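S.K.: for reference, the sequence and a predicted model appear below.
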Amino acid sequence: MGAINGIVGASIWIVAKPRIVYNHDELYVAILLAVACCCYRRYLDERAQEHRRLAWLLGSLMGFLILTSQSVAPIYTTWLAWEVWRRKHAFFKRSLVPLVLLPVVIIAPWTIRNYLVFHSFTPIRDNFGLELSVSNNDCARFGISANQRTGCFENVHPNKNVDEARKVMELGEIKYNALRLREARLWISSHPARFIKLSVMRFIAFWMPTENLNNPYASGRHLERAAIYLITLLSVFGLVILCRRDIKSGVLLISCLTVFPLVYYFIQFEYRYRYPIMWATFLLGALPLTACARQLWETLARSLGVREAESQIKFNRPATLPPLMR
């Protein structure tokens, strides 16, 4: 996309000043994912001399990245599926160890720790049942702020509800999360229309962040919201431009923007969930701006070049022409 495009995207980010939550993992996930995307794009170049070394680096990055946040695991699964499709049997001969076994080895110590503590196979973390149940019930709203305002969060979450906390103590975390997952599935199956409505609202809020869908600017931070909304819309055109320039880079970012958010359409919305892929949105959103600026500059340069050439011709033209030229 070019260095100038990065400068433009970063400048828009600085002006917008998106809220960053430092006491969660999203900021670190964003940095690791951006580095992993750069590494994988280099790896996709078959002629790169450091191809094998990049495979080990990519496997290490993804191992630590998934250990930091298992939400990125679907992205890596998509990349691996792409690699198997591209390389066929060669993938299992050359890339199986660095791209598959190495991340497993990095995650393994935490998985073993989980088994020793919970006496159950839990690769990294397993609170999806709780989150799905908290987000889909009779009192649930589309976002965590709305659930806190209405008191729904306090009624159903063990961090706030004493009765639910006792269940955790009695059943243990593994059985408790399994119980909440069954409750969520039962509610979703019996309230399909309500579940679809909540999911659509969370889809909208994820890409156009707001705590109030009826009035997106009701909670302030108008410049931030306007910049993110504009850059999100422009990123669609930026993705088209990128795919025309380099299909591999386009597909790589499409995998991040489509696969990563899927789980967040079904659980209560929170601003920080978008952060791991926000950098991709700003880079793509800046691409139409830099493309238009480059086109205007080239047009202006050609225009100035023609005028300079015409003036040069006039300057070098003799004052009187020979008879034959007359």
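M.R.: Cool, the structure landed. Numbers count the residues shown, from 1 in each chain.

S.K.: quick one: low-confidence parts of the stretch 151-300 of the chain?
M.R.: For the stretch 151-300 of the chain, residues meeting the criterion pLDDT under 70 lie at 214-220.

S.K.: so who does the most centrally placed residue in the chain touch?
M.R.: Among the residues of the chain, the one closest to the centroid is I277, at 2.3 Å (C-alpha atoms, centre = their mean). Residues in contact with I277, defined by C-beta atoms under 8 Å, 6 or more residues apart in numbering, are 30, 33, 256-257, 260-261. Where you see a C-beta, it was placed from the backbone N, CA and C, and this is true even at glycine.

S.K.: surely it is in a strand?
M.R.: No - counting by DSSP: H, G, I helix; E, B strand; the rest coil, I277 falls outside a strand, being helix.

S.K.: do you know how far it is from V117?
M.R.: 32 Å (C-beta to C-beta, to the nearest Å).

S.K.: same check, this time on A73
M.R.: 21 Å.

S.K.: again, but for A184
M.R.: 24 Å.

S.K.: with neighbour numbers in mind, choose between the two.
M.R.: Taking neighbours as other C-beta atoms under 10 Å, A184 and V117 compare with A184 leading, 23 against 12.

S.K.: contacting residues around the more buried one?
M.R.: Counting by C-beta under 8 Å, 6+ apart, A184 has contacts 129, 132-133, 135-137.

S.K.: which among the residues you listed count as buried?
M.R.: 129, 132-133, 135-137 (16 or more other C-beta atoms under 10 Å).

S.K.: among these, which ones are in helices?
M.R.: If you go by DSSP state H, those have 129, 132-133, 135 in helices.

S.K.: low pLDDT regions in the stretch 1-150 of the chain?
M.R.: 48-49.

S.K.: do that again at 90, thanks
M.R.: 1-2, 16-27, 44-53, 86-96, 119-120, 122-123, 125-126, 145-146, 149 (pLDDT under 90).

S.K.: now the helices: where do they sit in it?
M.R.: 3-16, 26-43, 51-68, 73-87, 89-94, 96, 102-118, 128-135, 144-150 (DSSP state H, counting those that start in this stretch).

S.K.: same list (those helices) but as CSV, adding distance to R194.
M.R.: Formatted as CSV, those follow (distance: least, C-beta to C-beta, whole Å):
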stretch, distance to R194
helix 3-16, 34
helix 26-43, 28
helix 51-68, 33
helix 73-87, 26
helix 89-94, 43
helix 96, 44
helix 102-118, 33
helix 128-135, 12
helix 144-150, 14
